[in-house]
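S.K.: Mind folding the following:
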Amino acid sequence: NASPARRGGGRTKGAGGVEDVEASETCLNSKDDGTQLELVSVQVLFRHGPRTPVFKFPDSESISWNLCQGLAPRGYPIKVVDMNTGGGQPPLAYGALRGVQQTLKGGCYAGQLTDLGKNHARALGLKLASRYSDFIERISENQELLYVRSTNFPRTIETAQNVLGGMAKSDWKHTISVYTVHSDEESMVGTNTKSCPKLLEVLDEGKRLYAQTAPDEVHRIRYELERKIGKKGVEVLRITKPGLWKGTDLIPTHDVLKCMMSHGMDLPSWANETLGRDTHRIAGRQIGFVLQGDGKDATQRTRVARLGIGRFLGLVNDNMHARIHEITEKHPRSPKVPLLSLFSGHDTSITPVLAAYGLYDDHWPSYCSSFTWELHRDISASPYPESGFYVRVLYNFLPVSLPTKSGREGREYIPYEEFHEYTKGLTPKDFARECACDTDLSKAGHGTF
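M.R.: Modelled structure (predicted):
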């Protein structure tokens, strides 16, 4: 079959910095050979919106974070539900709780979704409502066709709430459940070593290799900062924190400067925009090296994927399979499998997905970045066999090719069977067995930013 034609016009930046594709996605797409594809399910993973820093930094007492004044439109009414027990929200993990309890000058707390973050999330919701308007109409009639999941962090839950605020139609009246789990059990974060001891070993190996091969630029930045803020200031930025990075960890510095630059704030006296751009670029390579090595060998990224984000990728595949089964059963009923599933996560959710698919290019995902899985069926095939389904994946609403046979041929729509087989290689068959090891877990963490 010929590859499906791409739909949509040029790209622009919409409200909140979310990228727009001029033409919305309809339920019907045409392939080059005239075959029509019907969109039958969509799953979207997105990062939370702009927030305050989660790391300390020199001269922090001089910075006022008065960015959480409640000036953004209110999000949609939600109820947070523990997906394991059906009860209320699970207790926050230590990292999330520590941030909430750390009040910054100006009134925000550490890691808080700001008013700008809420506006970015709302813009993403508006984008989704425009792109998948047919589904939104059907959800208006039956809200069980919408599923919302979030990690158990206030910033991701509030991002989901504000995405819903932008997406909801005026006739939506019901409170929407947002499902979550305790962070120790989280499968949506690809660096969650609390849930997988073996992952800690694998990531540590990546850190050791990066420390040995880090570019000279890393050491230049470290020494320049030492001249400005001294060794104590560099210690505050955690660059020289004892451990496997061995003085090469620029992720905390990148995080602080990215938070400030995203909000248009004046940078501390020891920083400038050039440093912000440099640390953003280097930190992107740093985390990429941990997730996929030098990118030339698929072995490292497959190991990390199976132990990290693999269970979530398996869930995405299972959801597609359930929708296909629902459509192809002998006596089809009204759909019960959600047409639209939303997953609110972190950069450590998006980046591992990109790495697992061989798509990560060392560019750190921006706030409200998204990764979308669309399932289409060939409506010219009757009755609808399971072989008549196709998957298209998009990063920030632009189609990308997976490393399957059809993907390597440049096709946007790949047969579901290909997607299913590829996903099986990234999904652990026995998670508990694959994760077992003798590693000291005192250094394990939830791996979120």
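S.K.: just for the stretch 1-150 of the chain, where's the confidence low?
M.R.: 1-34 (pLDDT under 70).
S.K.: for the most centrally placed residue in the chain, what are its contacts?
M.R.: The residue lying closest to the centre of the chain (Cα atoms, centre = their mean) is I350, at 3.0 Å. Neighbouring residues of I350 by Cβ atoms under 8 Å, 6 or more residues apart in numbering: L45, F46, R47, P365, S369, S370, F371. Where C-beta positions appear, they are placed from N, C-alpha and C, glycine not excepted.
S.K.: Wait, a helix at it?
M.R.: Yes: assigned with DSSP: H, G, I helix; E, B strand; the rest coil, I350 falls within a helix.
S.K.: roughly how far apart are it and R47?
M.R.: According to Cβ to Cβ, to the nearest Å, I350 stands 5 Å off from R47.
S.K.: Report the set of residues contacting both of the two.
M.R.: Common neighbours of I350 and R47 (Cβ under 8 Å, 6+ apart) are P365, S369, S370.
S.K.: what about the closest residue to the last one other than its chain neighbours, which SS state?
M.R.: Nearest-residue entry for S370: F46, 4.2 Å, with adjacent residues in sequence omitted and distances by Cβ to Cβ, 6 or more residues apart in numbering. Taking three-state DSSP as the rule, one finds F46 in the strand state.
S.K.: For F46, list each beta-bridge partner.
M.R.: Beta-bridge partners of F46, counted by DSSP bridges, are S344, S370.
S.K.: how close does it sit to S195?
M.R.: Counting by Cβ to Cβ - F46 and S195 are separated by 21 Å.
S.K.: And R227, by the same measure?
M.R.: On the measure of Cβ to Cβ, R227 and S195 end up 41 Å apart.
S.K.: just to revisit the earlier point, show me just the buried residues among the shared contacts of I350 and R47.
M.R.: Taking 16 or more other Cβ atoms under 10 Å as the criterion, what is buried in the shared contacts of I350 and R47 is P365, S369, S370.
S.K.: could you redo the residues you listed as TSV and give each row distance to V218 and pLDDT?
M.R.: Formatted as TSV, the buried ones among the shared contacts of I350 and R47 follow (distance: Cβ to Cβ, whole Å; pLDDT from 0 to 100):
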residue	distance to V218	pLDDT
P365	21	97
S369	25	98
S370	30	98
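S.K.: Out of those residues, which is nearest to A432?
M.R.: Nearest to A432 among the buried ones among the shared contacts of I350 and R47: P365, at 29.6 Å, using Cβ to Cβ.
S.K.: Surely P403 touches T423?
M.R.: No: assessed by Cβ atoms under 8 Å, P403 is found out of contact with T423, at 11.9 Å.
S.K.: out of the two, which sits in the busier spot?
M.R.: It is T423, of P403 and T423, that has more neighbours when counted by other Cβ atoms under 10 Å, with 22 against 11.
S.K.: Now for the nearest residue to that one once chain neighbours are set aside: which residues touch it?
M.R.: Leaving out its chain neighbours, the residue that sits closest to T423 by Cβ to Cβ, 6+ apart is N317, at 4.4 Å. By Cβ under 8 Å, 6+ apart, N317 lies in contact with F419, H420, T423, T427.
S.K.: what pLDDT does the nearest residue to the last one once chain neighbours are set aside get?
M.R.: Nearest residue to T427 in three dimensions, chain neighbours excluded: G314, at 3.7 Å (Cβ to Cβ, 6+ apart). We have a pLDDT of 97 for G314.
S.K.: what helix or strand does G314 sit in?
M.R.: Applying DSSP states H and E as the criterion places G314 in helix 310-328.
S.K.: List the contacts of I239.
M.R.: Contacts of I239 by Cβ under 8 Å, 6+ apart are R222, L225, G247, T248, D249, L250, P252, T253.
S.K.: tell me the SS of the second one?
M.R.: Under three-state DSSP, the three-state class of L225 is helix.
S.K.: before we move on, what about the first one?
M.R.: Assigned with three-state DSSP, R222 falls in the helix class.
S.K.: Quick check: it vs A214, distance?
M.R.: Distance from R222 to A214, by Cβ to Cβ: 10 Å.
S.K.: Name the residues contacting each of these two.
M.R.: Residues touching both R222 and A214 by Cβ under 8 Å, 6+ apart: T248.
S.K.: can you give me the strands for the stretch 201-350 of the chain?
M.R.: With DSSP state E, counting those that start in this stretch as the criterion, the stretch 201-350 of the chain has strands at 340-345.
S.K.: export the helix holding G314 as CSV, just CAs?
M.R.: In CSV, the C-alpha atoms belonging to helix 310-328 read as follows (Å, rounded to 0.1, in the frame of the first residue of the first chain):
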residue,chain,number,x,y,z
GLY,A,310,7.9,-0.1,29.1
ARG,A,311,4.8,-0.9,31.2
PHE,A,312,3.2,2.4,30.1
LEU,A,313,3.9,1.7,26.5
GLY,A,314,2.3,-1.7,27.0
LEU,A,315,-0.7,0.0,28.4
VAL,A,316,-1.0,2.2,25.4
ASN,A,317,-0.9,-0.9,23.2
ASP,A,318,-3.4,-2.7,25.4
ASN,A,319,-5.8,0.2,25.1
MET,A,320,-5.6,0.0,21.3
HIS,A,321,-6.1,-3.7,21.3
ALA,A,322,-9.2,-3.3,23.5
ARG,A,323,-10.6,-0.7,21.1
ILE,A,324,-9.9,-3.0,18.1
HIS,A,325,-11.6,-5.9,19.8
GLU,A,326,-14.6,-3.7,20.6
ILE,A,327,-15.0,-2.7,16.9
THR,A,328,-14.4,-6.1,15.4
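S.K.: buried set for that helix?
M.R.: Quick answer for helix 310-328 (16+ other Cβ under 10 Å): 310-317, 319-321, 323-324, 326-328.
S.K.: same check, this time on stretch 418-437
M.R.: The neighbour-count check on stretch 418-437 (16+ other Cβ under 10 Å) flags E418, F419, H420, Y422, T423, L426, T427, P428, F431, E434, C435 as buried.
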